[in-house]
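[1] heads up, no residue letters with this:
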């Protein structure tokens with residue numbers, strides 16, 4: 001699972017920082033891509049999350065999203081940073097961790113790991 005998650009992280013970083021167009025053909029479609037990308041990042045996190053681990057993981061993954069937006073701002077890729085993309089990243093992390101929490105509680109009782 002850790003190898004798959006690592007590959008996902010690398011693909012997310014590459015997709016976020018490469019000079020590609022995110023034209024989805026719909027209004028704010030790039031926000032949906034940010035939301036889903038970071039949601040998958042959070043849902044697939046390969047370690048046990050107990051107690052404060054949830055908050056630390058949320059903060060860490062949210063900072064990854066912010067760092068990627070910063071990278072889009074400073075790197076000469078033709079991409080631009082957008083605070084709304086950052087919010088979409090944070091919302092995706094929140095949903096992904098929430099989904100992970102629900103699955104852990106449902107599959108492993110209260111506080112089990114995945």
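    Yes, it's here. Not measured: the values here are computed from a predicted model.

[2] buried set for the longest helix along the chain?
    If you go by DSSP state H, the chain has its longest helix at helix 83-108. Neighbour-count burial for helix 83-108 flags 85-86, 88-97, 100, 104 (criterion: 16 or more other CB atoms under 10 Å). (Each C-beta comes from the backbone N, C-alpha and C, glycine too.)

[3] give the contact list for residue 93.
    By CB atoms under 8 Å, 6 or more residues apart in numbering, the contact list for residue 93 reads 38-39, 41-42, 58, 61-62, 65.

[4] so residue 49 touches residue 103, yeah?
    No - Residue 49 is not in contact with residue 103 according to CB atoms under 8 Å; the separation is 11.1 Å.

[5] Enumerate every residue touching residue 100.
    So residue 100 contacts 42-43, 45, 49, 114 (CB under 8 Å, 6+ apart).

[6] The spatially most central residue of the chain is in what secondary structure piece?
    For the chain, residue 38 is the residue whose C-alpha lies nearest the centre (CA atoms, centre = their mean; 1.8 Å). Using DSSP states H and E, residue 38 falls within helix 29-43.
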